[in-house]
Each structure stands twice: as C-alpha cells, then as structure tokens.
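Participant: the amino acid sequence is not available; the structure is as follows:
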C-alpha cells in the first residue's frame, strides 16, 4: 500500500492550496480517509476525515469553513482544499487510510493503518 501526497508548497497568507493523496495497492473505495498535520515540535493534529462513501465529512472545529476534504474513487485520490491560509497552518500534512465496513469517519491517528510520507505546506505572512 502506498499513499503519496502532492500539492504542498509555499503560499502567502490568504492564499489557497489543494493537496492530493494518491493511493495504490488497496481497494480505495473501501477505505475511510483522513488528513492530519504536524507543525514543528507539535503532535499530529487531526484536520479532516471522509467516510468510504464520500457523503460524510468531519473537520476540526478551528478549520471549518476554510478547508474541504473530498475524494474521487475513480482516481483513487483524496483531496484537501485549503483556502484563506494563515501562517499557523504551516505544517507537514499527511493523508491516512483505514479499511472501513461502515459509514464512519475517524479523527484519531490510531484509527488509521496506512500513512503517506507528508507534504510540506508553508504559509508566509
């Protein structure tokens, strides 16, 4: 199983980025997906999650309205659209996958089986 993030980079405050996470080696439609981030010296922080059907989403409260998670099962890809970025959004962003037989989404790092290598997002002020 491989999860590969892309789309990170340097952006000015107020700008937007879209992260992608391409999955291979698994039946993507059977997996709930999540995004997490880790700033220097900090723990992994939950960002967003989406269920296997793509019709249920969950976000950390502080990011609601600015970030949107979505998935395209035909492309085996999950996305994170990030708008109105702030310097405090600077972090390494990770996608994660968990096999799911129901319609749940998951906000805990321990719930996920597979992780990507991370994509750096840097927001300048």
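Facilitator: Ah, there it is. Nothing here was measured: the structure is a model prediction, and the numbers come from that model.
Participant: quick check: pLDDT value at the nearest residue to residue 111 once chain neighbours are set aside.
Facilitator: Nearest non-adjacent residue to residue 111, counting by CB to CB, 6 or more residues apart in numbering: residue 98, 5.6 Å away. For every residue, glycine as well, the C-beta is placed using N, CA and C. As predicted, residue 98 sits at a pLDDT of 97.
Participant: which of the helices or strands spans residue 98?
Facilitator: Under the criterion DSSP states H and E, the helix or strand holding residue 98 is strand 91-99.
Participant: elements contacting that strand?
Facilitator: Contacts of strand 91-99 with other secondary structure elements, assessed using 3 or more CB pairs under 8 Å, 6 or more residues apart in numbering; DSSP states H and E, are made with strand 2-6, strand 17-24, strand 31-38, strand 77-82, strand 114-115, strand 119-124.
Participant: out of these, indicate the one that is most buried.
Facilitator: Highest mean neighbour count of these: strand 31-38, a mean of 25 (counted as mean count of other CB atoms under 10 Å).
Participant: right, and residue 98 touches residue 109 too?
Facilitator: No. The pair residue 98 and residue 109 does not pass the contact test of CB atoms under 8 Å, sitting 10.5 Å apart.
Participant: neighbour count: the two, which is higher?
Facilitator: A side-by-side neighbour count of residue 98 and residue 109, using other CB atoms under 10 Å, places residue 98 first with 20 against 16.
Participant: check the spacing between that one and residue 121 real quick.
Facilitator: From residue 98 over to residue 121 the distance is 23 Å, taken as CB to CB, to the nearest Å.
Participant: same check on residue 28?
Facilitator: Counting by CB to CB, the gap between residue 28 and residue 121 amounts to 23 Å.
Participant: what's the answer for residue 93, then?
Facilitator: From residue 93 over to residue 121 the distance is 6 Å, taken as CB to CB.
Participant: now do residue 25
Facilitator: With distances defined as CB to CB, the gap from residue 25 to residue 121 amounts to 25 Å.
Participant: now swap in residue 67 and tell me
Facilitator: In this structure, residue 67 lies at 11 Å from residue 121, with CB to CB as the measure.
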